[in-house]
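[1] Fold the stuff below for me.
(one chain, ligands or ions: 2)
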Amino acid sequence: MKIEGFELRRVGLPLVSPFRTSFSTQTARDILLVKAVTDQAEGWGECVTLGDPLYSPEYTDGAADIMKRYFIQAIADVTDATGVGQALHKFKGHPMAKAALETAVLDAELRAEGRSFGRELGSVRDVVPCGVSVGIMDSIPELLDAVGGYIDEGYVRIKLKIEPGWDIEAVRAVRERFGDDVQLQVDANTAYTLRDARHLAKLDDFDLLLIEQPLEEEDIVGHADLAKMLKTPICLDESVTSAQTAAAAIRLGATSVINIKPGRVGGYLEARRIHDLAVAAGVPVWCGGMLESGIGRAANIALASLPGFTLPGDVSSSSRFYKTDITEPWVMEDGHLTVPTGPGLGVAPIPELLEEFTTSVEWIAV
Ligand SMILES: CC(=O)N[C@@H](Cc1ccc2ccccc2c1)C(=O)O
Ligand SMILES: [Mg+2]
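    Ligands and ions are numbered 1, 2, ... in the order given. Here you go, the predicted structure:
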């Protein structure tokens, strides 16, 4: 397979409702889509950076810049996805930009060979259970309405965003309203410090599946200390940027569950390596979400069907975040989404919708 060039496309999708976390409130998603054009097929990748470096150090304009300035020329002569990882390894950081390029090349490679993402990654399931991430709200009644709606839709796991001032009361209200059987977890997006340990220990009363990333990304040792003070399992997200940091966090007792996000770790091949080492260590994993369009969502659903993904992921219907998706919408059925089986990602953008939401297109020939 010979790469002819990459199309970098910005797509603006409004969110159906504001999504508030401890680090920002988002009302729209500015997506960088990458299309790899090769002599045998075209492939798609979605860069999951936010517009601003608030979740992680990367941001969308920076990702587009480093692709144009360094990465695309560095992978001009690669012939498959593993070649992308090797060619980009010398560049420090920027996992989300690297992941988007690797995914686009992998999609082209698999479409050319007629193999699906699921088959390539090691899928063992035809459907995956859907969890949903619920933002911080202006009031408890508003939160309970939102959670009730998602439970009625059939989501099998509820995740509540928390921050200091919006944590114990919110969780207690959901438990009191919806009972003890709802699978419930929280995500702090690094909003606490070890000084909050006694406060966070109050969450142990609510039988949560996990508490996600309570402390700052760099504080692996702090998470290991905190794990000794809480009953609730700690799950890392922002801290796990590679298989190496995943192995270190497990070894140090900093995490007993891992949220795997392919963009955050540099791609789906690294995501599979983390899955494999977590399974070997007896650590359950689940697939995180970055409000992907139907393109990134397709790849995440395939990843979530690997055997070690034993907890429901942030793998929701397209309608959780978007009124209109740029692919056929992903629609949950009986709390599950069907793993795509077509070549590559198994989906492609719908041209008319892609045009409607495109804000810029650039062609970079190699
Ligand atoms: C589904 C979920 O909670 N995702 C991330 C946080 C997050 C929050 C807000 C976002 C806004 C735009 C793009 C990505 C975003 C990711 C998380 O697990 O920590
Ligand atoms: Mg998270």
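[2] thought Phe178 was touching Gly149?
    No: at 11.7 Å, Phe178 does not count as touching Gly149 under the criterion of C-beta atoms under 8 Å. C-beta coordinates here come from the backbone N, C-alpha and C atoms, glycine included.
[3] all strands for the stretch 101-250 of the chain, in order.
    127-129, 131-134, 157-161, 183-187, 211-212, 234-236 (DSSP state E, counting those that start in this stretch).
[4] hmm, back to that, tell me which of Phe178 and Gly149 has more neighbours.
    Phe178 (15 against 12; other C-beta atoms under 10 Å).
[5] Name all residues that make contact with the more buried one.
    Val147, Gly148, Ile151, Ile158 (C-beta atoms under 8 Å, 6 or more residues apart in numbering).
[6] quick one: the first one and ligand 2, what's the gap?
    Between Val147 and ligand 2 the distance, using C-beta to the ion, to the nearest Å, works out to 18 Å.
[7] Tell me who's in contact with Ala281.
    Ala281 neighbours (C-beta under 8 Å, 6+ apart): Ala247, Ile250.
[8] try 7 Å
    Residues near Ala281 by C-beta atoms under 7 Å, 6 or more residues apart in numbering: Ile250.
[9] do the same with Pro262
    Neighbours of Pro262 in contact, by C-beta under 7 Å, 6+ apart: Ala99, Tyr268, Ala271, Ala299, Leu303.
[10] Serialize these to CSV and add fields for distance to ligand 2 and secondary structure.
    Below are the contacts of Pro262 laid out as CSV (distance: C-beta to the ion, whole Å; DSSP: H, G, I helix; E, B strand; the rest coil):
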residue, distance to ligand 2, secondary structure
Ala99, 17, helix
Tyr268, 18, helix
Ala271, 15, helix
Ala299, 18, helix
Leu303, 16, helix
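[11] Out of the residues you listed, grab the one that's most surrounded.
    Busiest of the contacts of Pro262 [other C-beta under 10 Å] is Ala99, holding 33 neighbours.
[12] any idea how far Gly296 is from it?
    For Ala99, the distance to Gly296 equals 10 Å [C-beta to C-beta, to the nearest Å].
[13] Same question for Asp225.
    Distance, Asp225 to Gly296, by C-beta to C-beta: 34 Å.
[14] between these two, which one's more packed in?
    Gly296 (26 against 15).
[15] Double-check that that one belongs to a strand.
    No: counting by DSSP: H, G, I helix; E, B strand; the rest coil, Gly296 falls outside a strand, being helix.
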